[in-house]
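1. Got a predicted structure here, sequence first:
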Amino acid sequence: MKITPTLEGGLRVDVEDAGDWFVLLGITRDAVSGDEELSSRLGAMITDEEISADWRDIIVPELEEGFQTDLVHVTGAIHAAEEDGGGQLWITPENAWHWYSALNQARLALHGIHHFDSAGTRPPADLDPAVRGAFLRSQFYCAFQTLLLDHVMR
């Protein structure tokens, strides 16, 4: 897979084989892989008793709806590009936020499950193969987000 900036201010993802489609679809699989929805985990961080109930009742459902919308958009774009058969996926400034959000959800879910060392002091080779795969996907998602920030979401 190659991800390159476009002259129009977006990104073009060139998919080289079936494994690349699997990796891209992993974004949404990883995003929903945690035991608890991201919106609920974020809501649990509100510890002030006076506002925590309102936060859970009002903000958490809105967040979850937005998160799900982003995941549906990304999944739909991947499937549409795969069915097109051209091996290219285009991310424009108009849909970049959906991608950024989905990648962020995936990274947060993987970190929540595996508790990766944020300092990066534990070499991936020392990890169990399944955890190493999750770590490498998280690193890929981070690099993808960086490309979005640097070239699309300026």
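-> Here it is on my side, so go on. Numbering: from 1, shown residues only.

2. Give me the nearest residue to the residue nearest to the spatial centre of the chain, chain neighbours excluded.
-> Central residue of the chain (Cα atoms, centre = their mean): Leu103, 1.4 Å from the mean position. Among residues not flanking Leu103 along the chain, Tyr141 sits closest, at 4.5 Å (Cβ to Cβ, 6 or more residues apart in numbering). For glycine as for every other residue, the C-beta is placed from the backbone atoms N, C-alpha and C.

3. And the contacts of the one helix or strand the one you found maps to?
-> Taking DSSP states H and E as the definition, Tyr141 sits inside helix 129-151. Helix 129-151 is contacted from outside by 3, 5, 9-11, 23, 26-27, 30, 91, 96, 99-100, 103-104, 106-107, 110-111, 113-114, 116, 124-125, 127, using Cβ atoms under 8 Å, 6 or more residues apart in numbering.

4. Narrow the residues you listed to those in strands?
-> 3, 5, 11, 91 (DSSP state E).

5. Give me the buried entries from the residues you listed.
-> Neighbour-count burial (16 or more other Cβ atoms under 10 Å) is assigned, among the ones in strands among the contacts of helix 129-151, to 3, 11, 91.

6. ok, the residue nearest to the centre of the chain - contacts?
-> 27, 141-142, 144-145, 148.
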